[in-house]
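*Asks:* just the structure for this:
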Amino acid sequence: MNPDTKQKAIGDFVNQQLIGSEDVFLVAVKVIPGNNIKVFLDADNGVTIEKCIRINRALYKQIEESDLFPDGDFSLEVSSPGVEEPLKLHRQYKKNIGRTVEINMNDGTRKEGKLIDVNDDEIIIEERTGLGKKAIINTTNILFNQVKHTKVLVTF
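*Replies:* As a prediction, this is how the structure comes out:
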């Protein structure tokens, strides 16, 4: 079985585990060399360690019983994506409204600003230029098809 087929099967297993947990959603499944499976979950109000542990245990059992890895030679990690991972889903953008984001555009340019809204086709950010009372705030609409990737910036 090829890696793409395994990833899809594991994604289906995860979605089965998430039935009844409408606030938690699957972001990505990666099967990397050595049969190391990484499952990234997110939630509208943050995903808890307890939720990751529960999904991990149930998913591990389901993968074993499915015979996806006949020798039982696999490892499984279930976690939230973390701040180093770019936003992938529309739902992730929605949950991060109000936070500062860095957007790398398809044309190679970069934008940074406060994410203020998200709709089906675009995101809207506030970009600030200058400091203090002379700062200028511009609202910028960016179509999703112009975005290469977006990361949430940690600010203190």
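*Asks:* so what's the gap between stretch 69-88 and the chain middle?
*Replies:* Put simply, stretch 69-88 sits 12 Å off its chain's centre (CA atoms, centre = their mean, to the nearest Å).
*Asks:* mind listing what's buried in it?
*Replies:* F69, F74, L76, V78, S80, P81, E85, P86, L87 (16 or more other CB atoms under 10 Å). To be clear about C-beta, it is placed using only N, CA and C from the backbone, and glycine gets the same treatment.
*Asks:* please point out which parts of the lengthiest helix in the chain sit buried.
*Replies:* The residue-count maximum for a helix in the chain (DSSP state H) belongs to helix 49-66. Residues of helix 49-66 classed as buried: K51, C52, I55, N56, L59, Q62, I63 (neighbour count, 16+ other CB under 10 Å).
*Asks:* ok, the second one to I116 distance?
*Replies:* In other words, C52. C52 sits 30 Å away from I116, going by CB to CB, to the nearest Å.
*Asks:* show me what stretch 93-102 is in contact with.
*Replies:* For stretch 93-102, contacts defined as CB atoms under 8 Å, 6 or more residues apart in numbering pick out 42, 44-45, 87, 110-118, 123, 125, 150-153, 155.
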